[in-house]
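Chemist: starting from these lines, generate the structure:
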Amino acid sequence: MTPLRDTGPRLPVEKKASSRLKQIEKEYTQKLSRSSQIIAELQTTISSLKEESSRQQLAAERRLQDVIQKFEDEKKQLIRDNDRAIKALQDELESRSNQVRSAEKKLQYKELESQEQITYIRQEYETKFKGLMPASLRQELEDTISSLKSQVNFLQKRASILQEELTACQGRR
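Modeler: Alright, predicted model coming up:
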């Protein structure tokens, strides 16, 4: 026995279901289309954001390189300025050292000159006035000679101290 098919009342239900399925399919197609459009827009936005990020990073790297170069240039300039200042100080030190040597030579010359004068005065004293002058004058001249000897000794000690200072200054260089 074959079952009977009841197609009458079912047909409007099938049409309804078919129509409903078509409606759902249409809605999902529209949703899929909107989703695809949104995805495309988002991918475009992501792509432009990546490009902008890349440009900004390149710009930041360029600025960083510029700053690094600026600091390097400033560092080199400071080194050059420092080298010039050191050279100027060395030249000044050399000049002062030459002045000290010159002053020492002058001092030695004056010491020799003073010793020669003392020797000359003594010889003159001994030859001219030995027996001819009063004792008080003789004593006064001997005191003068003694005082001059003391001054010569003082000048020799001072020259020695200056020489030691010069040697110490030269040793520090």
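
Chemist: show me which residues of the helix or strand hosting Ile145 are buried.
Modeler: In this assignment (DSSP states H and E), Ile145 forms part of helix 135-172. Across helix 135-172, burial judged by 16 or more other CB atoms under 10 Å covers Leu148, Val152, Leu155, Ala159, Leu166. (C-beta placed from N, C-alpha, C; glycine too.)

Chemist: make JSON lines out of these and add distance to Ser35.
Modeler: Listed next are the buried residues of helix 135-172 as JSON lines, based on distance: CB to CB, whole Å:
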{"residue": "Leu148", "distance to Ser35": "120"}
{"residue": "Val152", "distance to Ser35": "115"}
{"residue": "Leu155", "distance to Ser35": "110"}
{"residue": "Ala159", "distance to Ser35": "105"}
{"residue": "Leu166", "distance to Ser35": "95"}
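
Chemist: among these, which one lies nearest to Gln30?
Modeler: Minimum separation from Gln30 among the buried residues of helix 135-172 (CB to CB) is found for Leu166, which lies at 103.2 Å.

Chemist: I'd guessed the closest one sits against Gln99; true?
Modeler: No: Leu166 is beyond contact range of Gln99, at 10.4 Å (criterion: CB atoms under 8 Å).

Chemist: nearest to Lys106, of the buried residues of helix 135-172?
Modeler: Compare each of these with Lys106 using CB to CB and the shortest gap goes to Ala159, at 10.3 Å.
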